[in-house]
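1. When you get a sec, could you give me coordinates for this:
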Amino acid sequence: MKKYVKICLERFGLLGRWLLLAGPTGVILGLFGGLFGEGIALVTAFRETHPWMLFLLPAAGLLIVALYRLDPYKTGTNRVLEGIQSNTYVPLRMAPLIVISTILTHACGGSAGREGAALQLGGSIGGTIGKWMKFDEYDRKIMIMCGMSAGFSALFGTPLTAAIFSMEVVSVGIMQYAALVPCAIAALTAHQVASMVGSTGETFTILDLPELQMGSAALVLLLAVLCAAVSILFCTVLHLAEKWYRAQIPNEWIRAVAGALLIIAMTKLLHTTAYLGTGMEMIESALRGEVAASAFLLKIVFTAVTLGCGFRGGEIVPTLFVGASFGCLFGQVTGLSPSLAAACGMSAVFCGVTNCPISSMLLSFELFGFEAMPFILLSVSVSYLESGYFGLYHSQKILYSKTKLKFINTRTKE
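-> Predicted structure coming up:
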């Protein structure tokens, strides 16, 4: 009996410990993440009503380069993943640097997302709390994951996805379930706090949802295979653009200005600002069945130029843009519901670039509801298989093969 009581007390003590740590982490990141999300919305609205802001993009690039001279580690999302894998130091300075630079990128029209800031903001704050509490390396890694979940949840308004994504993205094939309780607590807390400051995330409606029949299933299967190819294209173009810029323009000051001028030139040639910023309006348009045939390719190019030349932001929202616009185009061509095809495209391309099938399905359920579950399940699973070992984050490890129950322990292809 005494042994049973002792075990129960230990379990309750562990739960209480994570409630006391993950809860406040969620509060901190819910507040900062929510305010950051609102800041992105405000600067985006200002840019859209003041088109001349685009011409300040070169100056924003120079300022971002100057800011990152303060960071000798040249940190990014890959360093956060390395902090979980190998206890690499994740500096607190990452938080203000990524927030300021991402806001500058969006304010002046760079094509980028915001989840890179969420993961880096959360990872740096979570890791710092673990360091201040003098945790061992194992609990410090959990705190980094806890912070990532809270930051993702605060910005996207998807606590279920956020809790799982930070456990799934680090090592494909294995999830660190020891982090489940703290990640869940932090994600739910951050979501509630972010909602209180006005950052509620996004939800979408699928306008025309057909029944799952042989014909519709076959079309979704084909769409998933094509989305896997699009995800490979997206990852390859982003990595090649960064390498090309560094090789051809070694000077980071000139590189930022050159990329900014190219963004301005492309925007003026196309006579549209649809490919600047996150492009959430275009995602909504695709889910209504309205999209230009070249939209997904142009967003890939704009994002590759923006991030490749040194601007800061994330790749996930551009990924959702690419997936939704390609899916909508597929629906228009084949007769499948363009709205459903756009939703399946978002899920499939997100899975292809992150190698996170569980998170991709959960994200779809939080964004679209559960009614399209059979189509989402099919598109995500096929895309995961067909996308191979490409990925957005070169520090991500593929521990188990996608085709066999075989331990391979390799990194994603660049």
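2. Ala372 is in contact with Ser364, isn't it?
-> Yes. Counting by Cβ atoms under 8 Å, Ala372 touches Ser364, with 7.3 Å between them. In this view, the C-beta of every residue, glycine as well, is placed from N, C-alpha and C.
3. neighbour-wise, which of these two wins?
-> Set Ala372 next to Ser364 and count neighbours by other Cβ atoms under 10 Å: Ser364 wins out with 28 against 23.
4. Enumerate every residue touching that one.
-> By Cβ atoms under 8 Å, 6 or more residues apart in numbering, the contact list for Ser364 reads 343, 346-347, 372, 376, 380.
5. I'd like the distance between Leu42 and Thr158.
-> 22 Å (Cβ to Cβ, to the nearest Å).
6. about what we covered before: export the contacts of Ser364 to TSV and tack on pLDDT and distance to Leu81?
-> Below are the contacts of Ser364 laid out as TSV (pLDDT from 0 to 100; distance: Cβ to Cβ, whole Å):
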residue	pLDDT	distance to Leu81
Ala343	97	28
Met346	97	23
Ser347	97	22
Ala372	95	30
Ile376	97	26
Val380	98	22
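7. Out of the residues you listed, the closest to Gly279 would be?
-> Met346 (12.1 Å; Cβ to Cβ).
8. tell me the SS of that closest one?
-> helix (DSSP: H, G, I helix; E, B strand; the rest coil).
9. What separation do you get for it and Phe296?
-> From Met346 to Phe296 the distance is 11 Å (Cβ to Cβ).
10. hang on, the earlier thing: so what sits against both of Ala372 and Ser364?
-> With Cβ under 8 Å, 6+ apart as the test, Ala372 and Ser364 both reach Ala343.
11. Let me see the contact set for the closest residue to Leu262 other than its chain neighbours.
-> Leaving aside its sequence neighbours, Leu262 sits nearest to Val305 (Cβ to Cβ, 6 or more residues apart in numbering; 5.4 Å). Neighbouring residues of Val305 by Cβ under 8 Å, 6+ apart: 111, 241, 259, 262-263, 266.
12. Tell me where the stretch 51-200 of the chain has helices.
-> For the stretch 51-200 of the chain, helices defined by DSSP state H, counting those that start in this stretch occupy the ranges 57-68, 77-86, 94-107, 115-132, 137-156, 159-168, 180-196.
13. out of those, which comes closest to Gly279?
-> Each of these has some distance to Gly279 by Cβ to Cβ; the shortest is helix 94-107, at 11.0 Å.
14. now the longest helix anywhere in the chain, how far from the centre of its chain.
-> In the chain, taking DSSP state H as the definition, the longest helix is helix 2-49. With Cα atoms, centre = their mean, to the nearest Å as the basis, helix 2-49 stands 18 Å off its chain's centre.
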